[in-house]
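Asker: Pasted the sequence and its predicted model underneath.
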Amino acid sequence: MEIDELTPAELRIWRAFPRGESVNFRAADDEDPADGASWGPERTVRATVLRALLLNGPQEDGEIPALKLAGARISGSLDLRYGTCDHAVRLSHCHFTGVPQLYGARLRQLNLSNSVLPGLTAGAMRVEGVLRLSDCVVRGPVRLGGAQIANALFMERAHLTAQDASEPVLQLNQMTTGDDLWAPGLVLDGEMRLNGATIAGSINMNEARLDRPGRPVLDAETLTVEGDFRLRQSQVRGWIGLRGARIGGRLDLSHAHLVNPGDAALRASSCTIGELWVRRGPRMEGTLNLRRTQLEVLFLEPEKVPDTVLLNNLVYTTLTPHVPAEQRLPMLERDGDGYVPHAYEQLSASYLRIGDDRAARLVQLAKQRRHRRTLPWYGRIWGHVQDATVGYGFRPLRACGWLLSLLAIGSIAYGLHHPRPLKPSEAPDFNPVFYTLDLLLPVISFGQESAFAPRDGYQTLSYALVIAGWILATTVFAGVTRTVSRQ
């Protein structure tokens, strides 16, 4: 491009480029680039001029060229598709009239902070440094699918909207970064897609506002994050999908408000996560889906648990905070899959690991009672008997109480009315206590039951004591067997 074809504003940029000098057209530090449509020719630059500079601009010996421009109105579309630019590019506080086309481009560094754009198409782009979209206002889709960013992607306080609601407003699928995805305060009116992305650092979306009610607002299936994924104090309307994701550190939803009534608010099935924090702040509105997920630490406050959860095959090593089992059990009753034995076993195991045997037994008892509701009527009757007698073996002292009560009844009854001896000459001295024990204990014999035969109602009482003894023995044996096998 010839110099005599340039406007005064473009000539100023052309001359500053070889020395990497900054050109600032801003009239005031607080001016809004959204008003850039009204900026005149004194600060308007054609995108074709910038393209010529970046691909084949002038250079000076001993200087490092760079495009550093602020406060300009960039007319047309900056087209660098499949191009290679070895210079740093900073186009901050600018107003773009056309969507930059950067698909397949190779750039040293790109900074579009505080700019207003109608969209950004940069799929498969490679950036050797950082990509900055901080405080940007983008009124169309940002397409970064398959992009490779050697360092970090900065999007803090960016505001993204899209005219077409069917298209994701932020497409980061299959993207890779060598460092963080830094986006606290991000505002999205539409879907953010992170399917298959790989983040070598952490994702910071604290205080983000994501809005797409009733539909996917953050779709991140098979996402890989080596560090943390932070959504603290975020406001999310729509569902978050993390199916198959791998998060090495913490998925932090502290103080976050997830709202998607009538459907899942968080779909984190088949995930591998270091720590999941669901704590403080408003209660989640929508289903919490953690099926088949593996966690080292589950930080889940009971008051944050939504009305419906899906916990089938969820595996966690540590459950915190430590609260009584009575506060955890309602969560298992809310499982949308109905009775899930594995969920009870996991909760019981978490209490056993910290030495709270009482809570573990209470969870196991609740499991048996929940299982009883799934049985046919005759199975439920036997279950009620086991529950009333020995609490399915988890309350063995109850059996002692029953035994002592029946022993007292039999001893008094037979002490007042001795049964007649079968062979008076051979019968031992009658002892009402040991006679009752002979009736109650099905294995042990003291020689009393075989030597004496009660009559009438006392014979009926003996039959009742024998049956009660067998029931007690059977339920105690079943409970001991469960306890031994569990240990």
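Answerer: Thanks, I have the structure now. Fair warning: this is a prediction, and the values are worked out from it, not measured in the lab.
Asker: wait, what's in contact with residue 219?
Answerer: Going by CB atoms under 8 Å, 6 or more residues apart in numbering, residue 219 touches 168, 191, 192, 193, 194, 195, 241. C-beta here means a position set from N, CA and C on the backbone, and glycine is covered the same way.
Asker: Need phi/psi at it.
Answerer: Dihedral pair for residue 219: phi -100, psi 110, per degrees, to the nearest 10.
Asker: Equivalent analysis for residue 82, please.
Answerer: According to degrees, to the nearest 10, residue 82 has phi 60, psi 10.
Asker: between the contacts of residue 219, which has the most around it?
Answerer: residue 194 (28 neighbours; other CB atoms under 10 Å).
Asker: how near is the residue nearest the centre of the chain to residue 326?
Answerer: Nearest to the mean C-alpha position of the chain, counting by CA atoms, centre = their mean, stands residue 268 at 5.2 Å. Using CB to CB, to the nearest Å, we find residue 268 at a distance of 26 Å from residue 326.
Asker: hang on, the earlier thing: could you give the number of residues near the closest residue to the residue nearest to the centre of the chain other than its chain neighbours?
Answerer: Nearest residue to residue 268, sequence neighbours excluded (CB to CB, 6 or more residues apart in numbering): residue 242, at 4.4 Å. Residues near residue 242, counting by other CB under 10 Å, number 27.
Asker: ok, now residue 3?
Answerer: By other CB under 10 Å, neighbour count at residue 3 equals 10.
Asker: confidence score at it?
Answerer: Predicted confidence (pLDDT) for residue 3: 73.
Asker: Residue 178 against residue 200, yeah?
Answerer: Yes: counting by CB atoms under 8 Å, residue 178 touches residue 200, with 5.1 Å between them.
Asker: Quickly note the distance from the residue in the chain sticking out farthest from the centre to residue 221.
Answerer: Of all residues in the chain, residue 425 has its C-alpha farthest from the mean position, at 79.2 Å, by CA atoms, centre = their mean. Distance, residue 425 to residue 221, using CB to CB: 88 Å.
Asker: in what helix or strand does residue 350 lie?
Answerer: helix 341-353 (DSSP states H and E).
Asker: Which elements pack onto that helix?
Answerer: strand 315-320, helix 325-333, helix 357-372 (3 or more CB pairs under 8 Å, 6 or more residues apart in numbering; DSSP states H and E).
Asker: Could you find the closest non-adjacent residue to residue 336?
Answerer: Leaving aside its chain neighbours, residue 336 sits nearest to residue 308 (4.8 Å; criterion: CB to CB, 6+ apart).
Asker: Contacts only, for that neighbour.
Answerer: Residue 308 sits next to 286, 287, 288, 334, 335, 336 when contact means CB under 8 Å, 6+ apart.
Asker: switch to 10 Å and redo it
Answerer: For residue 308, the contact set (CB atoms under 10 Å, 6 or more residues apart in numbering) comprises 262-265, 284, 286-289, 334-337.
Asker: for it, phi and psi?
Answerer: phi -130, psi 130.
Asker: Please report how far it lies from residue 266.
Answerer: Between residue 308 and residue 266 the computed distance is 12 Å (CB to CB).
Asker: what do you get for residue 199?
Answerer: Counting by CB to CB - residue 199 and residue 266 are separated by 19 Å.
Asker: For the chain, which segments are assigned as helices?
Answerer: Counting by DSSP state H, the chain has helices at residues 8-16, 47-56, 325-333, 341-353, 357-372, 377-390, 396-416, 432-440, 456-486.
Asker: Show me what the second one is packed against.
Answerer: Which is helix 47-56. helix 8-16, strand 66-70, strand 73-75, strand 84-92 (3 or more CB pairs under 10 Å, 6 or more residues apart in numbering; DSSP states H and E).
Asker: now the ones you listed as JSON lines including mean neighbour count, distance to residue 368 and mean pLDDT?
Answerer: Converted to JSON lines, the helices and strands packed on helix 47-56 look like this (neighbours: other CB atoms under 10 Å; distance: least, CB to CB, whole Å; pLDDT from 0 to 100):
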{"stretch": "helix 8-16", "mean neighbour count": "17", "distance to residue 368": "77", "mean pLDDT": "94"}
{"stretch": "strand 66-70", "mean neighbour count": "21", "distance to residue 368": "70", "mean pLDDT": "96"}
{"stretch": "strand 73-75", "mean neighbour count": "21", "distance to residue 368": "70", "mean pLDDT": "97"}
{"stretch": "strand 84-92", "mean neighbour count": "19", "distance to residue 368": "65", "mean pLDDT": "95"}
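Asker: By average pLDDT, which secondary structure element in the chain comes out worst?
Answerer: Every helix and strand in the chain was compared by mean pLDDT, DSSP states H and E; the lowest is helix 456-486, with a mean of 72.
Asker: Residue 160 bridge partners, please.
Answerer: residue 138, residue 188 (DSSP bridges).
Asker: What are the neighbouring residues in contact with it?
Answerer: 117, 119-120, 133, 136-142, 168-170, 186-190, 192.
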